[in-house]
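>>> quick one, what's the 3D model for this:
(chains A and B)
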Number of protein chains: 2
Amino acid sequence: MKNSLGREIPEEIIKSRKLYEKPFSMDEEITKTTPKVKPVIPGESKLLESIEEAIVKSGLKDGMTISFHHHFREGDYILNMVVDTIAKLGIKDIKLASSSLAGIHKPLIEHIKNGVITSITTSGLRGALAEEISNGLMKEPVIIRSHGGRARAVEAGEIKVDVAFLGAPSCDEYGNASGTGGNANCGSLGYAKVDAQYADKVIIITDCLVDFPNMPASIPQTNVDYVVKIDKIGDPAGIASGATRYTKNPKELLIAEYASKVIIESGYFKDGFSFQTGTGGSSLAVSRFIREEMIKRDIKASFALGGITKPMVEMHEEGLIKNIFDVQGFDLSAVASIGKNPMHHEIDASFYANPHNKGCIANKLDVVVLSALEIDTNFNVNVMTGSDGVLRGASGGHCDTAACAKLTVIVSPLIRGRIPCVVDSVNTVITPGESIDVLVTEIGIAINPRRTDLIENFKNLSVPVYTIEELKEKAYKIVGTPDKIQYENQVIAVVEYRDGSIIDVVRKVK
Amino acid sequence: MKNSLGREIPEEIIKSRKLYEKPFSMDEEITKTTPKVKPVIPGESKLLESIEEAIVKSGLKDGMTISFHHHFREGDYILNMVVDTIAKLGIKDIKLASSSLAGIHKPLIEHIKNGVITSITTSGLRGALAEEISNGLMKEPVIIRSHGGRARAVEAGEIKVDVAFLGAPSCDEYGNASGTGGNANCGSLGYAKVDAQYADKVIIITDCLVDFPNMPASIPQTNVDYVVKIDKIGDPAGIASGATRYTKNPKELLIAEYASKVIIESGYFKDGFSFQTGTGGSSLAVSRFIREEMIKRDIKASFALGGITKPMVEMHEEGLIKNIFDVQGFDLSAVASIGKNPMHHEIDASFYANPHNKGCIANKLDVVVLSALEIDTNFNVNVMTGSDGVLRGASGGHCDTAACAKLTVIVSPLIRGRIPCVVDSVNTVITPGESIDVLVTEIGIAINPRRTDLIENFKNLSVPVYTIEELKEKAYKIVGTPDKIQYENQVIAVVEYRDGSIIDVVRKVK
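Next up, the predicted model:
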């Protein structure tokens, strides 16, 4: 069967799920799931000796679902330690629901081969694990979810977490956990907060046990069953980079300049506006251009959202951004700021972008700048699979913010190496074209024809304007029409849209 | 049938409920309830014109349950306005689940008579409404719940709130609500926070609509369906008193001095200890005596808890108390402090004292000082019914903190007017004697014989020590043995212990 984007979804994958239709077509009343709670009475201790003891006490059994957060990124020690211990205990058929997975989680390959892990849901997949999965490692397809979509799935009980293993840079013996105050600080614990609320058993793993009460806490004691102190939860160098560096790449700078002009002339750039920019080179540079214009026109932003980086923190501290909503900190500036700036707010992934709560903050976004691996002539965006069809990206908050923001700008070079980025049809749709308003490349922009209002606003824009077909033609002219990727029939990943419908599948590469 | 305290509970009241047994006998795994959620999509407005429109949009129907918080105390305009409007709309048989009720809610009498309100659960009942209920106004008995017990009941779905009407001193158009930043500030919205999380429909009513985003928010937009702006939500004078005044009553001061000595010699008074004191004259004065001793011995408290008052705020600001956990602010000092002191934390009623989460903060209390209307020779405490048997008090956090704290001190005069406060058997048990450690009166103290360790610690205490029977005898000698109150058979109130078991009933007065 085909969904509304014409993507072929095999019957055996659909089962009881719906096919993607439109960004907001699934808005029926839902009932949230609910955790089981074992009351803790005065005097009871939550402190355990080891991860092994925590797994045993949690009652983890074959077939259960475990969850992790990815705030430690490439510096994460927790996931591998826990899964190793689960394997040692002889527990099998575990469903892994990590908010994302990175290169450091390569050891999962062996655990999948040995039947310890039989199912995975994640936002991102990179490195050797991704490669193996793309080559058919798992019987059950991975489910790729966006950050908002994962929060939705957890709240709806579609991901029913039996045991959450949540690393925390600091924690007290009663479970009050924080993303700062320790050795391996990550700032916001936005993804972990959701799991802590909905998992039956919540285990905090820390390498920095502090005096009770560890306040303010990202995860409160009332959600925590056990606390384990270990030697090292992660490698600070892999968790947060020292500082985000501005790009010096002239192509990226040109894209950023064009994107800024688009934003400034869009009609949304006015006092009290809100925005999110990603972490790519162009995306980051956009902040710099916008900052100058904000100062010139005496414009202050109401809030900045998303994965937080140094440019946003600087603009906040100089009064240009009133509030920062932080689901994830990307560098040490963000980590430092959340610990000291009272208007730098830690938010959970549901508050960030869950489409099925009573109004996530993404709903209030004016402008978002997002990158792309590929974008096609229907404006559909791929941020998940490479030009070889292999998984090497992350869904992240891409489709969430694109759907919600009043202006969604994709920044992308026309070609990368010898690969066109504007194509006839993307390998994998993460974000549907109807959510995208403008594509910005180094040679000019393309406006989604659905946005006739923007076409009007951009009449005097000093940036070349093309149709997206023209941009594609230019790309193909330079590097030639790309060969079709050869896939086998086996589906190795299902891409869920944020509302839980199936927007695409990824097949095994030949 | 009789419960473990020998209280006679009629069969028709028990139904599927359990009888009170012991403070922590009900600690089985529970499953939390879960709200229905109607997703809010970008561009949708939550702002409504009137309370009437909000009631209609909420889908409120005959037989449903509505909830309110009592942070506006005697200054609350919200509850009466909403129930008046419900009556005007012809809706009947409504179950009222307010976190407490006060004298200002007298108009409920008419709504009960007219069948608009047919069931009530509350922590407190005072004034004309309480009088009428004691005289048999309602067919269905009121359920009296403690603050922790109410949070438990909401989370367990025993109170299933269909529509929560929550007054907020400030709010933005998307539902981010705060207890400060407006005209009628109340500080913490600790009771409202629980309702906002578990009610199917949540309506914020404010008289101060502020710019989006209203941060930090006590209640986040993700929990709010509608926002209504009205002229006045309450009378600031009735919400928070200007400043808490120290008592000059010599009897209260003597009790406070004795209580302080008890605390200081108890073994719990050491660096890092935690405490809660109530708002009564003696209770408040205890803080002053303790403060002096803390300075003398260079002792700092880890945290102060509960309803927050000026003495606690002052001690926090001078560094004697590291953290304040605030479920409810009692005066303007508390209101001001929560808005500016980062270690003055707003907590919800579940975090405060719910016995069935994974460890409330009350579990970590060292010392609590509580008052009493009556205490009996089994140390059972009544804070709910007067010497005439009429409802005129509040369960509050009494049984919650008494059960959890390592040292529970009751401060009470031996007699009030011509009424003995130490008696053979209290009219109504709110807190079971096994939770009480020491009774302090103006003539001396009585130690619960179960606390042999304390008897040892208090060997050199410069306060007269009696048995509780001796204290009772002294009271009876002065004012005579009190006459038994004449009750009819009809049960007008059921007193739930914090765990949901029935600890007592209140009967109709003759």
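>>> tell me how far stretch A:26-43 lies from the chain's centre.
What separates the centre of stretch A:26-43 from the centre of its chain is 24 Å, taken as CA atoms, centre = their mean, to the nearest Å.
>>> wouldn't residue A:327 be in contact with residue A:350 here?
No: Residue A:327 is beyond contact range of residue A:350, at 9.6 Å (criterion: CB atoms under 8 Å). In short, each C-beta sits where N, CA and C put it, glycine included.
>>> shared neighbours of the two, anything?
Common contact partners of residue A:327 and residue A:350 (CB atoms under 8 Å, 6 or more residues apart in numbering or on different chains): none.
>>> next, give phi and psi for the closest residue in space to residue A:70 that isn't next to it in sequence.
In this structure, residue A:70 finds its nearest non-sequential neighbour in residue A:100, 3.7 Å apart by CB to CB, 6 or more residues apart in numbering or on different chains. When quoted as degrees, to the nearest 10, the phi and psi of residue A:100 stand at phi -160, psi 170.
>>> kindly report the same for residue A:165.
Backbone geometry at residue A:165, expressed as degrees, to the nearest 10, gives phi -110, psi 100.
>>> can you pull the contacts of it?
With contact set as CB under 8 Å, 6+ apart, residue A:165 has these partners: A:51, A:54, A:66, A:67, A:68, A:78, A:79, A:82, A:203, A:205.
>>> is it possible to get a markdown table of the residues you listed that adds neighbour count?
Converted to a markdown table, those look like this (neighbours: other CB atoms under 10 Å in any protein chain shown):
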| residue | neighbour count |
| --- | --- |
| A:51 | 19 |
| A:54 | 24 |
| A:66 | 27 |
| A:67 | 29 |
| A:68 | 28 |
| A:78 | 22 |
| A:79 | 24 |
| A:82 | 25 |
| A:203 | 27 |
| A:205 | 24 |
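>>> and these, which of them are in strands?
A:66, A:67, A:68, A:203, A:205 (DSSP state E).
>>> okay if I get these as a markdown table plus distance to residue B:170?
Formatted as a markdown table, the ones in strands among the contacts of residue A:165 follow (distance: CB to CB, whole Å):
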| residue | distance to residue B:170 |
| --- | --- |
| A:66 | 41 |
| A:67 | 36 |
| A:68 | 38 |
| A:203 | 38 |
| A:205 | 39 |
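>>> any idea which of the contacts of residue A:165 is closest to chain B?
residue A:203 (11.4 Å; CB to the nearest CB).
>>> give me the residue from the stretch 51-200 of chain A nearest chain B.
residue A:174 (5.9 Å).
>>> my read: residue A:286 touches residue A:410, true?
No: with contact defined as CB under 8 Å, residue A:286 does not count as touching residue A:410 (11.8 Å).
>>> so which of the two has more stuff around it?
Each of residue A:286 and residue A:410 has its neighbours counted (other CB atoms under 10 Å in any protein chain shown); residue A:410 has more, 30 against 27.
>>> kindly state the pLDDT recorded for the residue nearest to residue A:387 when sequence neighbours are not counted?
Once flanking residues are discounted, residue A:387 sits nearest to residue A:419: 4.6 Å by CB to CB, 6+ apart. For residue A:419, the pLDDT comes out at 95.
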